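Engineer: pasted the sequence and its predicted model underneath.
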Amino acid sequence: MANYLKRLKEMTEKAKETAAKATDKKSSKKSTKKEEKLKELELQLDESKDKYLRLYAEFENYKKRTIKEKMDLLRTAAQETLKDLLPILDDFDRAKQSAEDDESVEQFSDGVTLVYNKLHSTLENKGLEAMVSTGEVFDPELHEAITEIPAPTEEQKGTVIDTVSKGYILNDKIIRHAKVVVGK
């Protein structure tokens, strides 16, 4: 019987060892699964953070872009109205030039001169400025060539000889190109 008890004791110890090993394997499998799950969750969190930061940056860029567009719109809101006024302004300039001519019978009264000056200063305050073209080198981005004539001197080749219609710039944006005669 001692043999039997000894054998039973050995079998119990082996069973305990086997159970301990199985428990260790299960717990190591569980801890491995937990570690894998934790790593997966950390990756998902990093991806979510990255998506959030990109979305936030994109939204900030959108806000800046819309603010810039609104500012540009406000700066050029009166552009169409001013374009419609340009032919009237040209007529006013021609009338003033005609009145200032020594051979002209018509004269500008002081009141009309005052209105002329006030109109020009108001339009300048709104950002409208006339281009200076005569004598400048021809630039197709600024000028529209109506015709070419032989240049009186060699230096005037490729330059603007005469301005037929003034060009205008509104807040650094060309709203009408100058119509010019170019020397060839």
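Structural biologist: Arrived safely, thanks for sending. In this text, all values refer to a predicted model and were calculated from it rather than measured experimentally.
Engineer: which residues does residue 43 contact?
Structural biologist: The contact partners of residue 43, by Cβ atoms under 8 Å, 6 or more residues apart in numbering, come to none. No exception for glycine: its C-beta is placed from N, CA and C like everyone else's.
Engineer: any idea which element it lies in?
Structural biologist: Taking DSSP states H and E as the criterion, residue 43 maps to helix 2-75.
Engineer: I'd like the next helix or strand past that helix.
Structural biologist: helix 79-100.
Engineer: can you give the domain ranges for the protein?
Structural biologist: Listed domain ranges for the chain are 1-75, 79-183 (source: automatic domain parsing).
Engineer: related to what we said a few turns ago, tell me the angle of the helix holding residue 43 relative to helix 79-100?
Structural biologist: Helix 2-75 and helix 79-100 are oriented at 30 degrees to each other (axes from the mean of the first three to the mean of the last three Cα atoms, to 10 degrees).
Engineer: off-centre distance for helix 2-75?
Structural biologist: 43 Å (Cα atoms, centre = their mean, to the nearest Å).
Engineer: same deal with stretch 64-82?
Structural biologist: Counting by Cα atoms, centre = their mean, stretch 64-82 comes out at 12 Å from the chain centroid.
Engineer: enumerate the positions of it that are buried.
Structural biologist: Under the neighbour-count criterion of 16 or more other Cβ atoms under 10 Å, stretch 64-82 has 78, 79, 82 buried.
Engineer: looking at this, residue 129 is in a strand?
Structural biologist: Yes: using DSSP: H, G, I helix; E, B strand; the rest coil, the secondary structure at residue 129 is a strand.
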